[in-house]
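J.: Quick one, structure for this:
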Amino acid sequence: MHSSFPTGRRSTMKVEVSCFVGGMVIKEIVHVDKFEDADKVAKSRNPFCRVVNRKVLMK
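T.: Numbers count the residues shown, from 1 in each chain. Just a heads-up that it's a prediction; the model follows:
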C-alpha cells in the first residue's frame, strides 16, 4: 500500500548556509538530503544572495 505521506523519517542533514546580501552576511539553516542542494534552497529563500559558506550542523 502506497501512501502520499511519508511514514518514516528521511535521512536529512542540517546545513548552515552563509549568504551575502546587501553588505550583510545572513545565515540560513536548511534541511536537505544532499549537501549540494543546500545552495539551491538558500537561493530560493533569498534569490539575490551570494552563497559564501556552507557547514553541516547535523547528519
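J.: okay, the residue nearest to Thr12 when sequence neighbours are not counted: pLDDT?
T.: Leaving aside its sequence neighbours, Thr12 sits nearest to His31 (C-beta to C-beta, 6 or more residues apart in numbering; 4.8 Å). All C-beta spots, glycine's among them, are computed from the backbone N, C-alpha and C. As predicted, His31 sits at a pLDDT of 92.
J.: Which residues does the spatially most central residue of the chain form beta bridges with?
T.: Nearest to the geometric centre of the chain sits Val30, at 3.1 Å (C-alpha atoms, centre = their mean). When bridges are called by DSSP bridges, Val30 pairs up with Val15.
J.: how much space between it and Met24?
T.: Distance, Val30 to Met24, by C-beta to C-beta, to the nearest Å: 18 Å.
J.: Equivalent analysis for Phe48, please.
T.: According to C-beta to C-beta, Phe48 and Met24 sit 12 Å apart.
J.: could you pull out the helices for the protein?
T.: 37-45 (DSSP state H).
J.: Just give the nearest non-adjacent residue to Arg50, would you?
T.: That would be Phe20: by C-beta to C-beta, 6+ apart, it lies 4.7 Å from Arg50.
J.: Show me the shaky parts of the protein.
T.: Counting by pLDDT under 70, the chain contains low-confidence ranges at 1-11, 59.
J.: which residues in it form strands?
T.: Here the chain has its strands, by DSSP state E, at 13-21, 24-32, 50-58.
J.: hang on, the residue nearest to the centre of the chain packs against Lys40?
T.: No: using C-beta atoms under 8 Å, Val30 is not in contact with Lys40; the gap is 9.2 Å.
J.: which ones are touching Phe35?
T.: Met13, Val15, Arg54, Val56 (C-beta atoms under 8 Å, 6 or more residues apart in numbering).
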